[in-house]
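Asks: got a predicted model here, sequence first, then my questions.
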Amino acid sequence: MNGVITVGMADYKTAKAPEILLTAGLGSCIGICIHDPVLKVGGMAHIMLPSANGSLGGNPAKYADTALELLLKEISGMGANKSRLKAKIAGGAQMFSFPGKPPILKIGDRNAEAVEQELKKRGIPLLVMDVGGSFGRTIHFDVGTGELRIRTINHGEKVV
């Protein structure tokens, strides 16, 4: 069995083949997976909010803009070539809704939009975007193959 590295909430990790990166409990949070298919290295971040908005201190892995920057820096340090990087994301659900009331804050949507914009700004193609809905996700990312396994409760499992 390949080694499994767990990525916690507001955390990021990098790995090389044949390791697997795992994060659980993606509700409104987004799991960002970045992969260099030639070097077979990659990383995952579990972000909670769209932007640090210039906040000082705190955990930069919590935000889409700063977590992606940290992740890319570390993957580049492993020898990854930015021109080969590919991305896949999952999460961004609207976990709480109340009948007859509009969705509150739409954090999941805002997180997904922020991640998409940050990737676009850096020229990294987004190959898979499994976001939205009202259900949580657990993801397993194989940095050797780039395969992303997405598990949900009551909505099945898929591999992309």
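Replies: That came in fine, so what should we check first? Residues are numbered from 1 along each chain as shown.
Asks: where does the protein dip in pLDDT?
Replies: Scanning the chain for pLDDT under 70 picks out 1, 54-56, 97-104.
Asks: partners of the spatially most central residue of the chain in the sheet?
Replies: Among the residues of the chain, the one closest to the centroid is Ile32, at 1.7 Å (Cα atoms, centre = their mean). Counting by DSSP bridges, Ile32 is bridged to Ala45, Ile89.
Asks: do I have it right that it meets Ala87?
Replies: Yes. The pair Ile32 / Ala87 is scored as a contact, 6.6 Å apart, by Cβ atoms under 8 Å. Quick note: C-beta positions are derived from backbone N, CA and C, even for glycine.
Asks: ok, the closest residue to Val128 other than its chain neighbours - how many residues close by?
Replies: Closest residue to Val128 apart from its sequence neighbours, by Cβ to Cβ, 6 or more residues apart in numbering: Lys88 at 3.9 Å. By other Cβ atoms under 10 Å, 24 other residues sit near Lys88.
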